[in-house]
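> Need coordinates for the below:
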Amino acid sequence: MKDKHTQVAFYSMSIEITSEQAVRGAIQTHSKRVWRFGLALSGAKDIADDLLQATCLRALERHHQITSQARLDSWLMTICRSIWLNELRSRSVRKAQALSVTPEAELVATGPDAETNIFAAEVFTLVMQLPEAQRETVMLVFVEGYSYREAAALLDVPIGTIMSRLSNARQKLKIAMQHDGADTVRRSGK
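Numbering: from 1, shown residues only. Take a look at the predicted model:
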């Protein structure tokens, strides 16, 4: 029969393996979502790739820190955002900028309805032109489906800030879509 200390050590080791397996599973399940969030933060596909890779590495290195396996997607998003903020600090970039990014095929749902895909690509392009704070909030709430409360926790801001950012983003998107529609009508000669 094993002594008490051996049993405790074995139990601790099995918990560690379980948390690492949970993190590996979460990475596999949520990597596209983390990549999209990385793209929303950075505005560049290659940087989103790097953010995803750094997020996966940090998550695996710190798998022992997870206390609950319920929302590992939120944990991965928080890691991604933390890495991005550290990158910004190291570059001494402190201002939000509008980005001009063409949506990638992976970002728009593929399906038989071509009009829906074209519209989604146009909306994504407009979202990527929002200031960074609004862009990351829109991506978390409207694209990734986080609640206002979850987005506030991920971004470490009050829930009122989330509501304000979304309201401002909606206004800017509405104006941009109205302006884009007027340009289309002028170009077509109607």
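> other SSEs contacting the helix or strand containing residue 173?
If you go by DSSP states H and E, residue 173 is part of helix 159-188. Counting contacts by 3 or more C-beta pairs under 8 Å, 6 or more residues apart in numbering; DSSP states H and E, helix 159-188 is packed against helix 114-128, helix 132-138, helix 148-155. Backbone N, C-alpha and C define where each C-beta goes, glycine included.
> counting contacts, what elements does the helix or strand containing residue 59 pack onto?
Assigned by DSSP H and E, residue 59 belongs to helix 45-61. Applying 3+ C-beta pairs under 8 Å, 6+ apart, one finds that helix 45-61 contacts helix 4-42, helix 72-91.
> Now do the buried residues in that helix.
Within helix 45-61, the residues that count as buried by 16 or more other C-beta atoms under 10 Å are 45, 48, 50-52, 54-56, 59.
> in this structure, which residue is closest to the centre?
Closest to where the C-alpha atoms of the chain average out (C-alpha atoms, centre = their mean) is residue 37, at 2.2 Å.
> Any regions of this structure where pLDDT drops low?
Low-confidence segments of the chain (pLDDT under 70): 1-17, 91-117, 180-190.
> Can you give me the neighbour number for the nearest residue to residue 30 once chain neighbours are set aside?
Sequence neighbours aside, residue 73 is the residue nearest to residue 30 in space, at 4.6 Å (criterion: C-beta to C-beta, 6 or more residues apart in numbering). Neighbour count of residue 73, defined by other C-beta atoms under 10 Å: 19.
> Just give the closest residue to residue 72, not the sequence neighbours.
With sequence-adjacent residues excluded and distances taken as C-beta to C-beta, 6+ apart, residue 72 is closest to residue 26, at 3.6 Å.
> Report how many residues lie close to that neighbour.
22.
> Same question for residue 40.
Other residues near residue 40 come to 27 when the count uses other C-beta under 10 Å.
> again with the one 3 residues further on
Residues lying near residue 43 (other C-beta under 10 Å) number 18.
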